[in-house]
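**Student:** With the input below, show me the fold.
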Amino acid sequence: MASMDGKGEVCSPFIPRRNPVRRTSAEIVSEARRSLRVQSTQRPFTPRDGHRQLFGASSVRDSRPPSAFSLHAQNFDAPDSRPSSGTRLSPLDHKPKFPVLCDAEDPFRSFPKTPSAPLEVKKGPPGMRARLLRTGSLTALSPVEGHKESKEQSNPSAGQKQLSAKRPPGTDKTEGPRKPGPRRTASESRITQPGVASGVGLTECSAEQRTEQGNRDKALSTEEDAESSVWNNMIAPRLQQLESVAAGGSEGSVDRLCDLCDGLHGTLAEADMLGRRCKRRSGILRTLFRLIDLNSAPLNLHIAELCLALCVSGNNLLNICKLIFQISRRESNDILFQNSSIIDSFLGILNNEDVSTSGEALLYCVGTLKFLSGNGAILRLLLEKNCVGVAQKLIQRLRTAADTNFTIAGHILVQLTATLRNLADHPDSRPLFISFSILPELCVVLSDHRKDPDICTNISRIYSKLSSYSECRLALAQTPNCYQLFLDLLNKHHQKQDLVVRLLFTLGNLTAKSDEARWRLFGCEGCVGSLLQLYDAYQRRDDSPHTPSHGQPRAPPGKVQQDEDVLVKLVRVLANMCIHPAVGPALASNTTCIQLLMETLELRCVRESEELLVNVAATINNLSFYQEDSSVLRHSQLSMAKLMLKLVLGSSMDAMLEATRVYGNLSQSKNVRDFIMQNKVHQFVVTLLDSKSTEMCISACGVLTNLAQDPSNRVSLSVEGAIAKLVDCLRDFGPGDWQLVGQVCQALWNMISCGPEKLLDSQERESLLEILTTYLDEDEALKWIEDDDMRDSHRACWELEFLPVAQKLMKTLQPPDQTA
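**Tutor:** Numbering: from 1, shown residues only. Model (predicted):
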């Protein structure tokens, strides 16, 4: 960049000519900083995993649950009330005593007590019998010959069997065969004490209590009669049909079984017997579990749907989740989930189940949602059903559970973050991610699980997707300590390329348009050192085509490309950071930074590393803006100019553009200008004026403006047709880009106003005067702009960028008698 103390009226391309009347110093600096370029790049590509499994092939997790397993009816527990561990409870060590329900002194104050509590039995007057009621924890004992339908309810625990064996003879007159029918409740059970008359009630229990108890008994009996009626008339026949059709094994039996399951589900729903309200649900579950051995995905999904509606728990819940997970592993089964309530049931499980008791079930549940979210239609369903909100609550519960169940919480988070990664692909998910504060929540997860590469990689993929959008960038940038966290992860996982490249891409997005983000990142402890250390590690000097291998095997092409992608994203971060006026000088003065950039230019060729070299050139262009004495780049300008030649002479237009911009800054040095003329670079720059790109033309004008400072260069530029091409640019781009035409006038001014050479013939002079006369007329210059707001913007640019230098150029072109 040229010195502010320019020679005479000669102006450089990026430092505007001083005009104290029209421009303030702030405006001058603002215009100069427009040469600093924000670099863009493509988001890292994530190939779709063709194999649906819980963990990727590269995962090295300890004790990870399997993705493949076999399930049969024998794996399920019936009745469903068994402990989830599958073990039976040990017998009770104590000998329970039975409580008296009614207190003689205050019958309303008497409550059931636990069997372990010491009980006192108050005896009534002689001739009266005390009525003892069992507590709710002691159910009625059933004989071995109980009927089939009530088998689950009458299956006593080991403790109850022990109690029955030790009970004295005659203490329970209900022993013996029982007729089939509804099980009696605890309030209906009676135990007669030995030696007490059985025909008299307790005087302590009032008549009102007995009446109220009788009413409750009648209501309960009515309710049980209604349930028995529904069971006998509607449910039992359907269960018999299921068993008979399954036993038949005829063609089309699977479709028939699916229809019967749907009918059974509807019947139970109409009778309000879903959940755990049906006393004979164990019979239903046993029948459903036996059908699983038919190994039909549609049927198993119907079975699972009904089992979840019946609120299975423990081992059965785990196996149902595994069954559904097994079905979802086949992409062809995705359509089965679109018309079922499985997704709603799973979201309910995620909301309600405890991680410590149902962690593995939650794992397979979230794993299923991960697979299904890869389907576009189901992904929209998940968003409509508030999957993002459910995920946010689960993340918070997993953070709490991680204190005692860190391993299973980590496994679940791998699946959950992968699901969120898929959801982030849909544009409708972005407002949900923001409203539920998912991005800050994931930062906390990153901090807690920073040693887990699977979780870190999934979250980095979410950030790399969402940080491309302004509203998500803002939400992430406002998260405390996110920059330091990203740097810590880069240091810890510096060899994990897929994680590193996405974190760098996210940092590049954050620093693209925010000076605050650039400063906060630069202010993190060890920021520049960490980035440059990473740069050095991924430089891949041994794999450069320009470096001899010395017999050492080169890395595979895919590995080389992956490592280069890291450098592309990393150099972009540096280019964006140095736009900040306090960060730029620090990086320009960093010897390691400049050496690495120059080394990349030496090792790489444009044909194989185009994007990387374009980003390196953009970074050098930004750094060359800062011309402090401490700048390392300032003392290496000639070496840098030589390295830019490979970009100028290459076939990439983007590389040519960035190299031309660099020459626009470096050509402020006399040594660099001489190098450009000696190596015929000026001929190439003149030809760029013929391009239809405004960016290319304005960069070329910057170089020509600087070259025209030397009188010896003006004739050479004129011989190459520079003046004629500049006049054509003035005519072609005209009112559409006042910044460009102002730069054209600047170059013309330097070429024709600073010496005795007559570089314009009369025809070119008249043509240039005519164009300037038209453009200096404000009405003519702005009449093409119809929108009022746009007209104001164009007027401001016309006054600031074009008018001052055009008036000077007009005065130079007019004969002395017209300028007097």
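**Student:** Pick out the residue nearest the middle of the chain.
**Tutor:** Centroid-nearest residue in the chain: residue 462, 2.4 Å away (criterion: C-alpha atoms, centre = their mean).
**Student:** secondary structure element for that residue?
**Tutor:** Assigned by DSSP states H and E, residue 462 belongs to helix 453-466.
**Student:** next one: residue 276
**Tutor:** Residue 276 belongs to no helix or strand when assigned by DSSP H and E.
**Student:** Give the closest residue to it in space, chain neighbours not counted.
**Tutor:** For residue 276, ignoring the flanking residues on the chain, the nearest one in space by C-beta to C-beta, 6 or more residues apart in numbering is residue 311 at 5.3 Å. (Glycine included, C-beta is placed from N, CA and C.)
**Student:** How about the contacts made by that neighbour?
**Tutor:** 274, 275, 276 (C-beta atoms under 8 Å, 6 or more residues apart in numbering).
**Student:** for the second one, phi and psi?
**Tutor:** If I follow you right, that is residue 275. When quoted as degrees, to the nearest 10, the phi and psi of residue 275 stand at phi 70, psi -140.
**Student:** Which residue ranges of the stretch 351-500 of the chain form helices?
**Tutor:** For the stretch 351-500 of the chain, the helices defined by DSSP state H, counting those that start in this stretch cover 355-372, 376-384, 387-401, 406-423, 429-435, 438-448, 453-466, 470-477, 482-492, 497-510.
**Student:** Please tabulate these in CSV, including the columns mean pLDDT and distance to residue 760.
**Tutor:** What follows is the helices of the stretch 351-500 of the chain, written out as CSV (pLDDT from 0 to 100; distance: least, C-beta to C-beta, whole Å):
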stretch, mean pLDDT, distance to residue 760
helix 355-372, 94, 71
helix 376-384, 96, 64
helix 387-401, 95, 67
helix 406-423, 94, 63
helix 429-435, 96, 57
helix 438-448, 96, 60
helix 453-466, 96, 54
helix 470-477, 95, 48
helix 482-492, 97, 55
helix 497-510, 96, 47
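**Student:** do you know which of those helices lies nearest residue 691?
**Tutor:** helix 497-510 (28.1 Å; C-beta to C-beta).
**Student:** Pull out the CA atoms of the closest one and give them to me as CSV.
**Tutor:** Written as CSV, here are the backbone C-alpha positions of helix 497-510 (Å, rounded to 0.1, in the frame of the first residue of the first chain):
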residue,chain,number,x,y,z
GLN,A,497,-9.2,-34.4,10.4
ASP,A,498,-13.0,-34.6,10.1
LEU,A,499,-13.4,-32.8,13.4
VAL,A,500,-10.6,-30.3,12.8
VAL,A,501,-11.9,-29.2,9.4
ARG,A,502,-15.4,-28.6,10.7
LEU,A,503,-14.3,-26.6,13.7
LEU,A,504,-12.1,-24.4,11.4
PHE,A,505,-15.0,-24.0,9.0
THR,A,506,-17.3,-22.8,11.9
LEU,A,507,-14.6,-20.4,13.1
GLY,A,508,-14.3,-19.1,9.5
ASN,A,509,-18.0,-18.4,9.4
LEU,A,510,-18.0,-16.7,12.8
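**Student:** Give the other helices and strands that that helix contacts.
**Tutor:** Counting contacts by 3 or more C-beta pairs under 8 Å, 6 or more residues apart in numbering; DSSP states H and E, helix 497-510 is packed against helix 453-466, helix 470-477, helix 482-492, helix 515-522, helix 557-577.
**Student:** model confidence over the longest one, on average?
**Tutor:** Averaging pLDDT along helix 557-577 gives 90.
**Student:** list the helices and strands whichever helix or strand comes after that helix packs on?
**Tutor:** Sequence-wise, the next helix or strand downstream of helix 557-577 (DSSP H and E) is helix 583-588. Applying 3+ C-beta pairs under 8 Å, 6+ apart, we find helix 583-588 packed against helix 515-522, helix 557-577, helix 610-623.
**Student:** Helix 583-588 - what's its average pLDDT?
**Tutor:** The predicted model assigns helix 583-588 a mean pLDDT of 96.
**Student:** what does it contact?
**Tutor:** Residues from elsewhere that reach helix 583-588 (C-beta under 8 Å, 6+ apart): 36, 518-519, 522, 528, 574, 577-578, 593-594, 622-626, 628, 630-634.
**Student:** again, only using 6 Å
**Tutor:** For helix 583-588, the external contacting residues (C-beta atoms under 6 Å, 6 or more residues apart in numbering) are 518, 522, 577, 578, 593, 623, 626, 628, 631, 633.
**Student:** Tabulate the residues you listed (JSON lines), appending distance to residue 798 and neighbour count.
**Tutor:** Output for the contacts of helix 583-588, formatted as JSON lines (distance: C-beta to C-beta, whole Å; neighbours: other C-beta atoms under 10 Å):
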{"residue": "518", "distance to residue 798": "32", "neighbour count": "23"}
{"residue": "522", "distance to residue 798": "37", "neighbour count": "20"}
{"residue": "577", "distance to residue 798": "34", "neighbour count": "25"}
{"residue": "578", "distance to residue 798": "31", "neighbour count": "26"}
{"residue": "593", "distance to residue 798": "40", "neighbour count": "22"}
{"residue": "623", "distance to residue 798": "32", "neighbour count": "28"}
{"residue": "626", "distance to residue 798": "30", "neighbour count": "22"}
{"residue": "628", "distance to residue 798": "34", "neighbour count": "12"}
{"residue": "631", "distance to residue 798": "35", "neighbour count": "21"}
{"residue": "633", "distance to residue 798": "35", "neighbour count": "25"}
